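Visitor: Quick one: sequence plus predicted model below, questions after.
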Amino acid sequence: MLSPFSVLDKQLTLSRFPIAQVNRSLQAWDAADEYLINHLDEQQLIKADSQVLIFNDTFGALSTHFCLPLDEHNTRTVKVHCINDSYISHQGICYNIKQNQLDDSNLQHLNCLDTLPNHADIILYKIPKSKSLLVEQLIKIKNIAASKTVFIAADRAKDIHSSTLKLFEKYLGPTSTSLAVKKARLVFCQLNGDSPLSVQQSPFPTVWTMHNKALDRDFIISNHANVYAREKLDIGGRYFIENLPKIKAKSQVIDLGCGNGVIGLSVLASEPSAQIQFFDESHMAITSAQQNVNTNLPELINQCQFHLNDCLTNIDSNSVDLILCNPPFHQQNATTDHIAWQMFKDSHRVLKKGGELRIIGNRQLAYHIKLKRIFGNEKLIASNDKFVTQSAIKR
């Protein structure tokens, strides 16, 4: 949605990414973004030569603010690092900076696996949905922050629970919250970077064993913090693996929205001649998937490709035989089916004639309606009380 983002007497046009999504009613910013920026201004926290770290900016509401001229002389001395695990968010931030004709020469993008700068004057933190990612990032922040670092987190008030605040207390230090404004709240932490216990080790990636019943073999699975099913195979993934198609020799296969890559890994183990492409928009997911192939089937790693992408954007049409997908039904905190729509439409384009898209989803999501609309056909492969596995063929 094109959102007129007005804050501090400035107005920006922000678009939610991807641009072609079906659901155009979702906003590209929220009240927590407004609250953070207004608080920075009211407290006059931004000084010349400040180094600012921004975590988990979804579509650039915070980042674009720091690309505006600081004064009438267009001075640009504040250094900003934008840290995000989402490729789509990164694309959205860059798009919104460009469409507002802003100068981003002071802005550097990092992903969540990159090394953080060795100091920060101000840290602005949008609280992620994943508690594991929250813990991972708080540990990294603790390890580089000093007692003088200003730390401010923000989220919808209803999503800041007592358990969330306890994590801030545990990893950063004494924690307090603001009053709620427009149903958003700020979280303040007094960091003690001079503590002898300031350097902490992250528990991620987690490593666990997955038993593939169909192949009667175990796989060692590594999961970075922002990847679903961090300690065991989720029940949906297990059910999907039980209902995968028989893979033909030398098939071109895509694991779409691959997460830790267990679906593509299972396909490769069952048919070693297959060519597998792993796609996800999470840096941590793609890194996990690549690690898991390297650990379990290192001799077949050259038959795999790993792509950070927005679904299957710019992938050749009519190029693969099989696409396997467990579509997400949310983007950050928003429940939405636009990603599933895009995955299905992209799959129809990328599949060869006669190629198959096989998916799994919760029963209530009614993906069969979308498949019939896009492919003209749909077949129920398996179902239980919670999940359905469905197939569609490109005619």
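Guide: Happy to help now that I have it. Residues are numbered from 1 along each chain as shown.
Visitor: Show me where the stretch 151-300 of the chain has its strands.
Guide: In the stretch 151-300 of the chain, the strands defined using DSSP state E, counting those that start in this stretch lie at 175-177, 184-190, 206-212, 217-223, 252-256, 275-280.
Visitor: Could you report the distance from residue 137 to residue 154?
Guide: Per CB to CB, to the nearest Å, residue 137 is found 14 Å from residue 154. From N, CA and C alone the C-beta is placed, and that goes for glycine too.
Visitor: Residue 378 too?
Guide: 42 Å.
Visitor: The two: who's more crowded?
Guide: When neighbours are counted by other CB atoms under 10 Å, residue 378 and residue 154 differ, and residue 154 comes out ahead with 26 against 19.
Visitor: In contact with the more buried one, which residues?
Guide: Neighbouring residues of residue 154 by CB atoms under 8 Å, 6 or more residues apart in numbering: 32, 33, 35, 36, 124, 125, 126, 127, 184, 185, 186, 187.
Visitor: what do you get if the cut-off is 7 Å, keeping everything else the same?
Guide: Contacts for residue 154 (CB atoms under 7 Å, 6 or more residues apart in numbering) come out as 32, 35, 36, 126, 184, 186.
Visitor: Just give the nearest non-adjacent residue to residue 309, would you?
Guide: residue 279 (5.3 Å; CB to CB, 6 or more residues apart in numbering).
Visitor: Now for that neighbour, how many residues are close by?
Guide: Applying other CB under 10 Å, I find that residue 279 has 27 neighbouring residues.
Visitor: Dig out what it forms beta bridges with.
Guide: For residue 279, the beta-bridge partners are residue 256, residue 307 (DSSP bridges).
Visitor: need the contact list for it.
Guide: By CB under 7 Å, 6+ apart, the residues touching residue 279 are 254, 255, 256, 257, 258, 307, 309, 312.
Visitor: rerun that using 10 Å as the cut-off
Guide: 254-258, 264, 285-286, 289, 305-313, 315, 323, 325, 343, 346 (CB atoms under 10 Å, 6 or more residues apart in numbering).
Visitor: now these: which count as buried?
Guide: Using 16 or more other CB atoms under 10 Å as the burial test, the contacts of residue 279 include 254-258, 264, 285-286, 289, 306-312, 315, 323, 325, 343, 346 as buried.
Visitor: Identify each buried residue in stretch 46-53, please.
Guide: For stretch 46-53, using 16+ other CB under 10 Å, the buried residues are 46, 50, 51, 52, 53.
Visitor: Then stretch 172-185?
Guide: 172, 173, 175, 184, 185.
Visitor: could the residues you listed go into TSV alongside pLDDT and distance to residue 207?
Guide: Output for the buried residues of stretch 172-185, formatted as TSV (pLDDT from 0 to 100; distance: CB to CB, whole Å):
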residue	pLDDT	distance to residue 207
172	96	26
173	95	30
175	97	31
184	97	37
185	98	36
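Visitor: now those in JSON lines, with distance to residue 81?
Guide: Shown next, in JSON lines, are those (distance: CB to CB, whole Å):
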{"residue": "172", "distance to residue 81": "18"}
{"residue": "173", "distance to residue 81": "22"}
{"residue": "175", "distance to residue 81": "23"}
{"residue": "184", "distance to residue 81": "23"}
{"residue": "185", "distance to residue 81": "24"}
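Visitor: Between all of those, which two are separated the most?
Guide: The largest separation in these, counting by CB to CB, is between 173 and 184 at 22.5 Å.
Visitor: so what's the residue lying closest to residue 290 once chain neighbours are set aside up against?
Guide: Excluding its sequence neighbours, the residue lying closest to residue 290 (CB to CB, 6+ apart) is residue 306, at 4.9 Å. Contacts for residue 306 (CB under 10 Å, 6+ apart) come out as 255, 258, 261, 264, 276-280, 285-287, 289-290, 293.
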